[in-house]
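[1] Kindly generate the corresponding structure for this input.
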Amino acid sequence: MASLLRHRPMIAQNNASYGRDSGFSSPTSSSTKARPEIPPRLSEKETATLHVPTNPAEVARSVATSSTSRPRSLALSDLEVTRTIGVGGWGAVYVARVKRPSSSHPVEQRNATFALKIVGKNVLRDLERNDRSSDRAHAAARKTIEKRILSSLPWNPFIAGLVDAHIDNRNIYLTMEVAQCGTLLAQINLYPGLCDKEIRFYFANIVLALEFLHTQGVVHSDVKPENLVLGADGYLMLTDFGLAQPLHGSSQWTRMGTLEFMSPEIICSEPMDTEEKRLAADWWSAAIVLFEMKNRKLPFECDDPYELMERYATEPFTWQPDVNVCEDFEDLISRMLHVEIEHRYGARDIRAGADGAFLNQDVRTHPYMNPVNWDRIAKKLAVAPRVPNSLPDMSKQRHRRPFLDPAKVPSLRVKRPAPRFEHIDLTIEEEACPRKKRRMAGELSVCLRPSERSVTALHGSVDRTDA
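    Sure, this is the predicted structure:
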């Protein structure tokens, strides 16, 4: 499956020629759209002398040398793995390099790099085997949810898009856009105390990503700094859609996510039968990320879901005396982390505009976000507050057991890591992540129905006595 993402430069060039998406206002009337010039009709004499290739070999050469032709589809044999980005409970993410010779196509270059997410089939078989529900169709659907969701989404600059997908007798492969500069968590850890300008910029990236996903009918379900990656332009992209779920419809909603980022409705096992509650799940997580960017700690930090449930029910969010933040920031966090959903910012998305897109007006118009130029950031015309001076060398190996030679991708053996082994950041020298208990989706219980999942499943552990 070849994705349209690989045609992005060509599409952008075509859009520019049609006067669309330039990011600048036209000096003429905005209601008048620029139309492409119609080429003059060829005369009969010119038509008679026009050469049209008919030989198959000649046609193939003509297509190969055409700058507007589709690039060749990537095959697993065209890729080689050079570096480990991260590992998790289901598989691993590597840097994959295209090793085939370059062609004349503008987006097909040798040594182009992608992020290659590999999930072993044995892991998926274990998930389905340990499913205690009778709905095997639901368990099977969860295996390919990330590929199906990403392939259905149009390209967006704030989403790490899918380039291609493959399968062999051992693994499932997702070739995705790579972000070379690590995660938002690394920025929080390496640069103590982000300033308000940087926080507003990064949070605006998150808001635009979630608005796009919700407009497309997708809930991410696992928004956290580890899943927000930084590109070479300094903008964030949301990645890891392994826990994504539908916004609309009556499809069953699996309670998944990271414990400290879960909304009260999910923790307290309320029926997730309304769009309001499903939207609130992502916006609650976004508010936790916003709080962490400012304070470098979590507002609700505990390892026991019962304790967290009790705190949600009995203790409203309050600020500690030692926390020094401005009044506008404090007000925005307090409104986004309101326990009662009817009063919570983010649970009141409205459709606005002619295209019917979801816009979180509560957050956009809050005084703390007033300095943000939403249009310029959405079009990536604003300069990011932190643009990396140099990109990391993506060809170097970074792993406890590095690749001695670039590994061939087909049937690559991926050792299944421990369920709580966390993301390895490209910019951190130490491999171990300081927060190993963040991923609480049931990596072992993802296929269970909400009614059949115990709270202990939130810890990533499932009773296997009946397996």
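[2] so how far is the first residue of stretch 320-332 from its last?
    In stretch 320-332, first residue to last residue: 16 Å (C-alpha to C-alpha, to the nearest Å).
[3] any low-confidence regions in this protein?
    Low-confidence segments of the chain (pLDDT under 70): 1-71, 89, 102-108, 127-142, 191, 250-252, 313-316, 349-354, 390-467.
[4] mind running it again at 50?
    Applying pLDDT under 50 to the chain flags the ranges 1-39, 42, 50, 66-67, 134, 397-405, 417-434, 436-467.
[5] how's it carved up into domains?
    What automatic domain parsing lists as the domains of the chain is 76-179+392-436, 184-378.
[6] nearest to Arg386, of these?
    Nearest to Arg386, of all the domains of the chain, is domain 184-378, at 5.4 Å by C-beta to C-beta. C-beta here means a position set from N, CA and C on the backbone, and glycine is covered the same way.
[7] show me where the chain has strands.
    Using DSSP state E, the strands of the chain run over 79-87, 91-98, 113-120, 162-167, 171-176, 218-219, 228-230, 236-238, 245-246, 350-352, 357-359, 407-408.
[8] Now that Asp196 has come up, it's in contact with Cys326, right?
    Yes. Using C-beta atoms under 8 Å, Asp196 makes contact with Cys326 at a distance of 7.2 Å.
[9] Need the domains of the chain in TSV (columns: distance to Arg386 and mean neighbour count).
    Formatted as TSV, the domains of the chain follow (distance: least, C-beta to C-beta, whole Å; neighbours: other C-beta atoms under 10 Å):
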stretch	distance to Arg386	mean neighbour count
domain 76-179+392-436	12	17
domain 184-378	5	18
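[10] out of those, nearest to Pro385?
    Across the domains of the chain, closest to Pro385 is domain 184-378 (C-beta to C-beta), at 4.6 Å.
[11] Start and end of that closest one, how far apart?
    End-to-end distance (C-alpha to C-alpha), domain 184-378: 19 Å.
[12] do stretch 310-323 as well
    Taking C-alpha to C-alpha, the first and last residues of stretch 310-323 lie 23 Å apart.
[13] Including distance to Ala384, could the domains of the chain go into a markdown table?
    Converted to a markdown table, the domains of the chain look like this (distance: least, C-beta to C-beta, whole Å):
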| stretch | distance to Ala384 |
| --- | --- |
| domain 76-179+392-436 | 12 |
| domain 184-378 | 3 |
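[14] before we move on, the earlier item: hey, what's in contact with both of Asp196 and Cys326?
    Common contact partners of Asp196 and Cys326 (C-beta atoms under 8 Å, 6 or more residues apart in numbering): none.
[15] if we can go back for a sec, quick one, which of the strands of the chain gets closest to Asp282.
    That would be strand 218-219 among those, by C-beta to C-beta, at 5.7 Å.
[16] Show me the contact partners of the closest one.
    Contacts with strand 218-219, where a contact means C-beta under 8 Å, 6+ apart, come from Ile149, Leu153, Leu213, Phe241, Ala244, Gln245, Pro246, Leu247, Arg278, Leu279, Ala281, Asp282.
[17] make it 6 Å
    Here strand 218-219 makes contact (C-beta atoms under 6 Å, 6 or more residues apart in numbering) with Ile149, Ala244, Gln245, Leu247, Arg278, Asp282.
[18] So which of those residues is the closest to Trp253?
    Gln245 (6.1 Å).
[19] got a list of what Gln378 touches?
    Actually, residue 378 is Ala rather than Gln. Counting by C-beta under 6 Å, 6+ apart, Ala378 makes contact with Leu208.
[20] whoops, I mixed them up, Tyr202
    With contact taken as C-beta under 6 Å, 6+ apart, Tyr202 is in contact with Leu236.
[21] now Ile149
    Applying C-beta under 6 Å, 6+ apart to Ile149 gives the contacts Val218, Phe241, Ala244.
[22] What of Ile206?
    Taking C-beta under 6 Å, 6+ apart, one finds Ala286 in contact with Ile206.
[23] hmm, try it at 7 Å
    Contact partners of Ile206, counting by C-beta atoms under 7 Å, 6 or more residues apart in numbering, are Leu228, Leu236, Ala286, Val289.
[24] quick one: the second one and Asn205 touch, right?
    Pointing back at Leu236 there. Yes. Leu236 sits in contact with Asn205 when judged by C-beta atoms under 7 Å, with a separation of 4.0 Å.
[25] which neighbours do those two share?
    Residues within reach of Leu236 and of Asn205 at once, by C-beta under 7 Å, 6+ apart, are Phe158.
[26] which residue packs closest to Glu265, ignoring adjacent ones?
    Of all residues not flanking Glu265 in the chain, Lys277 sits nearest, at 4.9 Å (C-beta to C-beta, 6 or more residues apart in numbering).
[27] sorry, back to before: could I get the contacts of Ile206 as a markdown table with distance to Lys117?
    Shown next, in a markdown table, are these (distance: C-beta to C-beta, whole Å):
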| residue | distance to Lys117 |
| --- | --- |
| Leu228 | 16 |
| Leu236 | 18 |
| Ala286 | 23 |
| Val289 | 22 |
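[28] And those, which two are furthest apart?
    Leu236 and Ala286 (11.7 Å).
[29] what residues are up against Arg335?
    Arg335 neighbours (C-beta under 7 Å, 6+ apart): Tyr345.
[30] about what we covered before: any idea how far Ile145 is from the residue nearest to Glu265?
    To Ile145, Lys277 is 20 Å away according to C-beta to C-beta, to the nearest Å.
[31] Equivalent analysis for Lys121, please.
    As judged by C-beta to C-beta, Lys121 and Ile145 stand 15 Å apart.
[32] Could you do Glu177 as well?
    Per C-beta to C-beta, Glu177 is found 19 Å from Ile145.
[33] and what of Leu116?
    Using C-beta to C-beta, one obtains 18 Å as the distance from Leu116 to Ile145.
[34] got it, and Ala96?
    Taking C-beta to C-beta, one finds Ala96 at 22 Å from Ile145.
[35] what do you get for Tyr306?
    For Tyr306 relative to Ile145 (C-beta to C-beta), the value is 29 Å.
[36] cool, and Ile341?
    Counting by C-beta to C-beta, the separation of Ile341 from Ile145 is 26 Å.
[37] Ala160 now?
    Ala160 is 16 Å from Ile145, where distance means C-beta to C-beta.
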